[in-house]
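J.: missing the sequence, but the structure's below:
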């Protein structure tokens, strides 16, 4: 993922491939020849660069969900229960 610098000590290593970083393809039609990116896209790209540079451990957006998706036709109650948003009812073990 990271390239080691060559013989030139001032050479900056390329940390991420364009595809890995989430950068859009360059298009020469816009002002300044740079595609428009919103703040969320830029924040994600910066977070991935920080991981590639070893400054952060992971990017939260790249982590898959911890639970499996519910099957087709599952009730909304099951979805809320899986996300831990349902009040637990105490179980009476005496009887």
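T.: In hand now; what should we look at? Please read all numbers here as calculations on a predicted model, not as lab measurements.
J.: can you list the weak-confidence ranges in this structure?
T.: 1-7, 9-35, 93-95 (pLDDT under 70).
J.: ok, longest helix in it?
T.: helix 39-53 (DSSP state H).
J.: what's the next secondary structure element after that helix?
T.: Proceeding N to C from helix 39-53, the next assigned helix or strand is helix 76-82, under DSSP states H and E.
J.: Would you indicate which residues of that following helix are buried?
T.: Neighbour counts using 16 or more other Cβ atoms under 10 Å place no residue of helix 76-82 among the buried ones. C-beta: built from backbone N, CA, C; applies to glycine.
J.: Kindly report the same for stretch 44-64.
T.: Residues of stretch 44-64 classed as buried: 44-45, 47-49, 51-52, 59 (neighbour count, 16+ other Cβ under 10 Å).
J.: Give me the packing partners of the longest helix of the chain, helices and strands only.
T.: Counting contacts by 3 or more Cβ pairs under 8 Å, 6 or more residues apart in numbering; DSSP states H and E, helix 39-53 packs against helix 18-21.
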